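Engineer: test case, fold it:
(chains A and B)
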Amino acid sequence: MAMDQNRAKSFNLFLENIYTKEQLLTLVDQIKGLSSLIYKTSEGNLLDKIASSVSKDTFLLFEKLSKENLLPQNTNELRGFFDLLAKFLEEVKSIRLTLAFEPKEDFLKKLQEWFQNTLKTKVVLDIITNESVIAGLLIEYNGKYKDYSKSEEVVQSIKALK
Amino acid sequence: MAQITQFAMLAILAFNLVIIILLAFFYLRLAKLDSFSRGAVRIDRKFRSRIEKVIEKQSSEAVSKLVASYSRTLEGQLGGLFSNLESVTTKQSVDLANFIKDQQAAIIKETQLLVANDVVKMQKELEDYRLSQIKNLDSRVNQVIADVAKRVLAKSIDMNTHQELVIASLEKAKAENLFGDGSKQG
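Structural biologist: Next up, the predicted model:
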């Protein structure tokens, strides 16, 4: 049980700085790459192997896990760890937002927090930028779609002017 | 003996002479009969020729009479038939002329009606096409204006306002329960 809690804690660490679906997919690719890497090279330190295959942020996470002894040492167990981590990350829900502007990281973080508070679960944002939205946003979540943009209001205003 | 012989010879000569005379007689008779016979054949030919001529003449007369009578009858009948044919033809010609006249009138009337309908139809189609083109143009102009306006407006809004509007929209979505039952309470 304690092991499961540790694993969940470890896995959640990887989501800490992930806000968008694009970031998540990149991370999943890196983890899957590690899963096959451990069998290819038998010699050398594991962290050295990881360092050459993942981003700096991801490497720092593995380093932290290694220091806290949360990373398995056995090759097969490590393979299982990577597989489970990839599966865990792939199961994170995403929510598609169409915005009129390119959001900066701080706003992405704010949005993600808003959704985490609202949905009581971690989600990643699938951001699409389209100026036609004008302001507000379009939301696609769990098969539902809703337009909260100002686009239609502008179109109606233009029609009313004629 | 000699006398007997002479006598016998004389007798033979006489007999021969008689025979010769008889033969001559019969020959003459026969010649006469032959001549008679030939004469009879000639007579028969003449007679037959006359009879033939008579029969021929009578036959010719009878046939001529028959032909003349038949011709008269035929002419009469033909005259009647021609007369009938003429009246029937005349009637049919008149009927045909009337029929053609009626048909011409009907065709002209129908054509006029069709042309009138086509003109009305074409006018309507032209009007529909004109309206549809104006509508299309209107729609395209609107689209262009809307696209330009959207881009200009999107750029003209500052980042803070954009972000506030996004958060406001999310709150609205939450209030409308877009994220499920749990989200409404938060």
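Engineer: which stretch of helix or strand covers A:Glu140?
Structural biologist: Per DSSP states H and E: A:Glu140 is located in strand A:136-141.
Engineer: which other helices and strands does whatever helix or strand comes next after that strand contact?
Structural biologist: Downstream of strand A:136-141, the first helix or strand assigned by DSSP H and E is strand A:144-149. Under the contact definition 3 or more C-beta pairs under 8 Å, 6 or more residues apart in numbering or on different chains; DSSP states H and E, strand A:144-149 sits against strand A:136-141, helix B:159-175. In this view, the C-beta of every residue, glycine as well, is placed from N, C-alpha and C.
Engineer: quick one: list the elements packing against the last one.
Structural biologist: What that stands for is helix B:159-175. The contact analysis (3+ C-beta pairs under 8 Å, 6+ apart) places helix B:159-175 against strand A:93-99, helix A:105-119, strand A:136-141, strand A:144-149, helix B:181-185.
Engineer: tell me which of these lies nearest to A:Leu85.
Structural biologist: Closest to A:Leu85 of the helices and strands packed on helix B:159-175 is strand A:93-99 (C-beta to C-beta; 16.9 Å).
Engineer: can you give me the buried ones in that closest one?
Structural biologist: Buried positions in strand A:93-99, judged by neighbour count with 16 or more other C-beta atoms under 10 Å in any protein chain shown: A:94-95, A:97-99.
Engineer: count the neighbours of B:Phe82 for me.
Structural biologist: 10 (other C-beta atoms under 10 Å in any protein chain shown).
Engineer: is it in a helix, a strand, or coil?
Structural biologist: Taking DSSP: H, G, I helix; E, B strand; the rest coil as the rule, one finds B:Phe82 in the helix state.
Engineer: against B:Lys57, how distant is it?
Structural biologist: 36 Å (C-beta to C-beta, to the nearest Å).
Engineer: same deal with B:Leu96?
Structural biologist: With C-beta to C-beta as the criterion, B:Leu96 and B:Lys57 are 56 Å apart.
Engineer: just the helices and strands packed on helix B:159-175: most buried one?
Structural biologist: Highest mean neighbour count among the helices and strands packed on helix B:159-175 (mean count of other C-beta atoms under 10 Å in any protein chain shown): strand A:136-141, with a mean of 21.
Engineer: strand partners (parallel or antiparallel) of it?
Structural biologist: strand A:93-99 (antiparallel), strand A:144-149 (antiparallel) (DSSP bridges).
Engineer: partners of the residue of chain A found nearest chain B in the sheet?
Structural biologist: Closest approach between chain A and chain B, counting by C-beta to the nearest C-beta: A:Tyr148, at 3.6 Å. For A:Tyr148, the beta-bridge partners under DSSP bridges are A:Leu137.
Engineer: immediately after whichever helix in chain A runs longest, which helix or strand?
Structural biologist: Criterion DSSP state H: the longest helix present in chain A is helix A:21-40. Later in the chain than helix A:21-40, the nearest helix or strand by DSSP H and E is helix A:46-51.
Engineer: from B:Leu13, how far out is B:Gln6?
Structural biologist: For B:Gln6, the distance to B:Leu13 equals 10 Å [C-beta to C-beta].
Engineer: looks to me like B:Val88 is in a helix.
Structural biologist: Yes - the assignment for B:Val88 is a helix, going by three-state DSSP.
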